[in-house]
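[1] below is the sequence, then the predicted model.
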Amino acid sequence: TRAPADYSGGAARSLERVLLTGANGLIGGALQRTLRPRLEIRRLVRSQPRPNEQSAFYWDPASGVIDARAFEDVDAVVHLAGEPVLGRWTRGKRRRVLESRVLGTRLVIDAADRAGVRVVVSASAVGYYGCDPGDAAANEQAPCGDGFLAQVCREWERAATDAITDHDRVRLVLARIGVVLSPNGGALGLMRRHAQRARLVMIAGRGDQPVPWISMPDTLRAIERCLEDPSLRGPINLVAPNPVTQRELAKSVATRCGARTIHAPAPVLRLIAGDLAREVLLGGRRVTPTSLLDNGFRFQHETLASALDEAVAETPDTELDTELDTGP
């Protein structure tokens, strides 16, 4: 049954308590501020909470330690934590990226399953579909692609799915998140910073690689929708309906920041960043938000111009940890 077309406003109305991981990251910090006025928010944190931090609970994915009290009477879990993808992909970096997602996801969702949590929204990424710009646009039914990021996403999602014993009782959403446009970090944060400091915005290679983007407000609204709407389960693409090329994104940011664009040749980027350049900077895939659209979700920012007009004008929040905590 198609959801009502105006199902997009307001926080999850039937929920009272939500547990977050990655709460200090780009999306997690914004989600806290959005949900906190209406819901009780608990956080899993990786340093021992201070005595007055009653909403914070300790966990350590590497050692398999998690405070089970965090899940008591919790209605939903939003799992966003993971080693940032940016950085040179050494063997150790690759291992941390993969293990942080697989071990952390297995630990959190297993605990949520045992505690009787009803809804789990577990982050994944559009990197699942690979990075071949020549392939057809990917909806949620498209197969997993090739490359390191696709492998990470495949294992990430498998860890979430396997940790749930009864999929009829627990509704699992695998949120395949695109490039989130926020002045506080991520791709736009870096581009904006370079534009302000050097008056330059980089076009990576030829710049014709697709960028499956989404505005931060729509990311938060889509996560809320995934929490509340019982018809949403399994993989859900969190991307805007109108993808652009990396060149279009760079030029649009440069125009709004009073900067100019500069081409960074693909061989130079590959020499500097290796596979990271090939899959993240020079690669891309067109992705469609088919499930959200089919369920009546209305995007606040359907076009890049609309998203950037708001995001570039916004003052960055310097208190946020601006690392990319949701990975590829």
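    Okay, I see it. The structure presented is a predicted model; accordingly, all values stated were derived computationally and were not measured. Numbers count the residues shown, from 1 in each chain.
[2] which residues in the stretch 101-250 of the chain form helices?
    For the stretch 101-250 of the chain, applying DSSP state H, counting those that start in this stretch gives helices covering 148-162, 186-198, 216-228, 246-257.
[3] quick one: which of the ones you listed is nearest residue 96?
    Each of the helices of the stretch 101-250 of the chain has some distance to residue 96 by CB to CB; the shortest is helix 148-162, at 10.9 Å. (Glycine included, C-beta is placed from N, CA and C.)
[4] can you list contacts of that closest one?
    The contact list for helix 148-162 (CB atoms under 8 Å, 6 or more residues apart in numbering) reads 79, 82, 85, 89, 94, 97-98, 101-103, 105-106, 109, 120, 122, 124-125, 127-131, 144, 167, 172, 174, 176, 235, 275, 279-280, 327-328.
[5] the same query, at a cut-off of 7 Å, please.
    With contact meaning CB atoms under 7 Å, 6 or more residues apart in numbering, helix 148-162 is reached by 89, 94, 97-98, 101-102, 105-106, 109, 122, 124-125, 127-128, 130, 144, 172, 174, 275, 279, 327-328.
[6] quick one: closest of the helices of the stretch 101-250 of the chain to residue 315.
    Each of those has some distance to residue 315 by CB to CB; the shortest is helix 186-198, at 11.3 Å.
[7] show me where pLDDT drops low in this protein?
    1-13, 317-328 (pLDDT under 70).
[8] recalculate using a threshold of 80.
    Scanning the chain for pLDDT under 80 picks out the ranges 1-14, 133-135, 314-328.
[9] the strands in it, which residues?
    For the chain, the strands defined by DSSP state E occupy 17-21, 40-45, 56-60, 65-66, 76-79, 119-125, 171-177, 179-181, 200-204, 210-211, 213-215, 234-238, 244-245, 260-264.
[10] filter the contacts of helix 148-162 down to the buried ones.
    89, 94, 97-98, 101-102, 105-106, 109, 122, 124-125, 127-128, 130, 172, 174, 279, 327-328 (16 or more other CB atoms under 10 Å).
[11] picking up where we left off before, mean neighbour count, the helices of the stretch 101-250 of the chain: which tops it?
    Highest mean neighbour count among the helices of the stretch 101-250 of the chain (mean count of other CB atoms under 10 Å): helix 216-228, with a mean of 23.
[12] and the residue in the chain sticking out farthest from the centre, what is it in contact with?
    Distance from the C-alpha centroid of the chain, by CA atoms, centre = their mean, peaks at residue 51 (30.7 Å). If a contact means CB under 7 Å, 6+ apart, then residue 51 has no contacts.
[13] same check on the one 4 residues further on?
    Taking CB under 7 Å, 6+ apart as the criterion, residue 55 is in contact with 41-43.
[14] same question, residue 64
    Contact partners of residue 64, counting by CB under 7 Å, 6+ apart, are residue 107.
[15] begin at 254 from now on, thanks
    Noted, 254 is the first residue going forward, which turns the last one into residue 317.
[16] and the gap between it and residue 352?
    Distance, residue 317 to residue 352, using CB to CB, to the nearest Å: 12 Å.
[17] now swap in residue 406 and tell me
    In this view, residue 406 and residue 352 are 14 Å apart by CB to CB.
[18] chain neighbours aside, what residue packs nearest to residue 319?
    The shortest distance from residue 319 to any non-neighbouring residue, by CB to CB, 6 or more residues apart in numbering, is to residue 312 (4.2 Å).
[19] perfect, I'm done here.
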